[in-house]
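# predicted structure and sequence below. I'll ask about it afterward.
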Amino acid sequence: MAIPFSQLHTPGGYQNGEVASALQKEIRRGNEKEALFWATELELGGNGNYVWKRLLIIASEDVGIADSSVALTVRALYQNWQEMSKRVKQEQHAGFYRVFLAHAVCLLARAPKSRMLDHALMVMYSGERPTPPVPDYALDRHTAAGKNLGRGLKHFFEVGAKLENVSPIPDPYEIEAKVRQTEYEQARERQGRREVDEQIALLDE
């Protein structure tokens, strides 16, 4: 019977599962040197890809929206590591790709932390799900219910496209966009009426 990965041992004699747990706990606490030790302990055992799997999860689970750029950077560093580790064939040159691992671990240890995303998953996926109604403002011209209610472009601009937490970046296109879209919708309506009239005329012939 095969021994589970978590119970296999690193070069230093530690169990993989315990090392992985220590890595994440040290990153959560901002203990950079300790986190580097546990990450490299796993990597030295030939488990580099597993270390990166843990780091990618940590980037969202323990940093998350406290600094969303961290997840992007860790992903980029992983890709660098993958590419360079394929090129380097000699152990004495392993530093050329291991530097990306160190970069990611140090970045995660120093990053601001937030467990909000993991907690949000617990709320959304654990226990019985509620069944809230679809909000009225979602029933705009893009839904069958909204069309049945006669909700058109005016309702969409005033209700469906309403923003909260609006960026301070100015929008120089907003007014012209509304005018153009309104003109386009009106032209479509006129075209539709003409087509109906033409069909009725054909039936009368």
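Done, it's in. Because the structure is predicted, anything quoted here is derived from the model rather than measured.

# quick one: low-confidence parts of the chain?
Confidence mapping of the chain against pLDDT under 70 gives the ranges 89-94, 196-205.

# now do the buried residues in stretch 80-99.
Neighbour counts over stretch 80-99 (16 or more other C-beta atoms under 10 Å) mark 80-81, 84-85, 97-98 as buried. Where C-beta positions appear, they are placed from N, C-alpha and C, glycine not excepted.

# mind putting those into a markdown table with secondary structure and distance to residue 47?
Rendered in a markdown table, the data for the buried residues of stretch 80-99 read as follows (DSSP: H, G, I helix; E, B strand; the rest coil; distance: C-beta to C-beta, whole Å):
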| residue | secondary structure | distance to residue 47 |
| --- | --- | --- |
| 80 | helix | 18 |
| 81 | helix | 13 |
| 84 | helix | 17 |
| 85 | helix | 13 |
| 97 | helix | 14 |
| 98 | helix | 13 |
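
# how about the residues you listed in CSV, adding distance to residue 56?
Compiled in CSV, these are given as follows (distance: C-beta to C-beta, whole Å):
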residue, distance to residue 56
80, 14
81, 12
84, 17
85, 16
97, 17
98, 17
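
# can you list the domains in the chain?
5-124, 136-163+170-204 (automatic domain parsing).

# of all those domains, which lies closest to residue 130?
Minimum separation from residue 130 across those (C-beta to C-beta) falls at domain 5-124, 10.2 Å.

# so what's the gap between that closest one and the chain middle?
Chain-centre distance of domain 5-124: 18 Å, with C-alpha atoms, centre = their mean, to the nearest Å.

# quick check: end-to-end length of it?
This stretch, domain 5-124, spans 30 Å end to end (C-alpha to C-alpha, to the nearest Å).

# of the buried residues of stretch 80-99, which pair is most distant in space?
By the measure C-beta to C-beta, 80 and 98 form the most distant pair in those, at 11.0 Å.

# longest helix in the protein, please.
Longest helix in the chain by number of residues (criterion: DSSP state H): helix 174-204.

# which elements pack onto it?
helix 153-155 (3 or more C-beta pairs under 8 Å, 6 or more residues apart in numbering; DSSP states H and E).

# ok, back up a step: find residues that contact each of residue 80 and residue 98.
Common contact partners of residue 80 and residue 98 (C-beta atoms under 8 Å, 6 or more residues apart in numbering): none.

# can you tell me which of the buried residues of stretch 80-99 lies closest to residue 180?
Distance to residue 180, by C-beta to C-beta, is smallest for residue 80 among these, at 44.7 Å.
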